[in-house]
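Novice: model the structure of this input:
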Amino acid sequence: MPVVPFWDSPARGIAGSRPEVVKPVVIQERDAMVVALREARLAEAAHFEAALDLRDSKSLRLQILKEDLLPAVQASPEARALFDLTLLPGDPPKLWVDLTSYVVMEPDHRTYRFLQDRQDEREVLFESSDREAAAAAVRRHMAHRLVARERQAASLQQPAPPTGYGTASLFLAWLSGLSFGALALLAAVLYFGVVKF
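Specialist: Prediction:
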């Protein structure tokens, strides 16, 4: 049996067609593209890794600030009831002091920015790269919130002036009405002579 070259075999399709020879220039361009894609992927991975490291450094700085503030919160039961000091991950991570105020590391990873959300705006209460100054600003805010809450509680505890009648006065009014009605009925019966004595 004669040996038939692969390109002339009937299984290949067209007899006499030869496989394409890939030119070296095309191979070099393809290799250059593969190398460029690999470099782009490595650069993007390094960027994401740096972004994660940056977020981790922000979280670590906020965790240290939280540890600085914990003794002030745990010093009184009122402060424990009012302040959370909850560190939430995210982009950017936030250290929530209470329901409306929080600390973020913005605009860079070394600056503490203390913000308070209001109904229609967000107010910057303090901004500094010094952790001790940021902790002092948060403590001042917490003290002002505690004083405002005490003042509100004191205004709620004042006794309200009596607006209605008490139970004893209502009972006496009912008893006097009953006895006056019984006497009036007895007088009417005697007057009209229904009962004779």
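
Novice: and F114, helix, strand or coil?
Specialist: When the structure is reduced to helix, strand and coil (DSSP: H, G, I helix; E, B strand; the rest coil), F114 reads as strand.

Novice: does it touch A137 like I think?
Specialist: Yes: under the criterion of Cβ atoms under 8 Å, F114 lies in contact with A137, with a separation of 5.7 Å. Every residue, glycine included, has its C-beta placed from N, CA and C.

Novice: the protein: strands as residue ranges?
Specialist: Secondary structure of the chain (DSSP state E): strands at 86-88, 94-96, 101-105, 112-117, 122-128.

Novice: right, so of the ones you listed, which gets closest to S57?
Specialist: Distances from S57 to each of those were compared using Cβ to Cβ; the minimum, 8.1 Å, belongs to strand 101-105.

Novice: and that closest one, which strands flank it?
Specialist: Using DSSP bridges, the neighbouring strands of strand 101-105 in the sheet come out as strand 94-96 (antiparallel), strand 112-117 (antiparallel).

Novice: possible to save these as JSON lines with distance to K66 and mean pLDDT?
Specialist: Conversion of these to JSON lines gives the following (distance: least, Cβ to Cβ, whole Å; pLDDT from 0 to 100):
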{"stretch": "strand 94-96", "distance to K66": "6", "mean pLDDT": "90"}
{"stretch": "strand 112-117", "distance to K66": "12", "mean pLDDT": "90"}
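
Novice: pull the helix or strand with minimum mean pLDDT from the chain.
Specialist: helix 24-74 (a mean of 74; mean pLDDT, DSSP states H and E).

Novice: okay, and the common contacts of F114 and A137?
Specialist: Residues within reach of F114 and of A137 at once, by Cβ atoms under 8 Å, 6 or more residues apart in numbering, are L125, F126.

Novice: residues near the nearest residue to V104 once chain neighbours are set aside, how many?
Specialist: For V104, ignoring the flanking residues on the chain, the nearest one in space by Cβ to Cβ, 6 or more residues apart in numbering is P92 at 4.8 Å. Using other Cβ atoms under 10 Å as the criterion, P92 is surrounded by 16 other residues.
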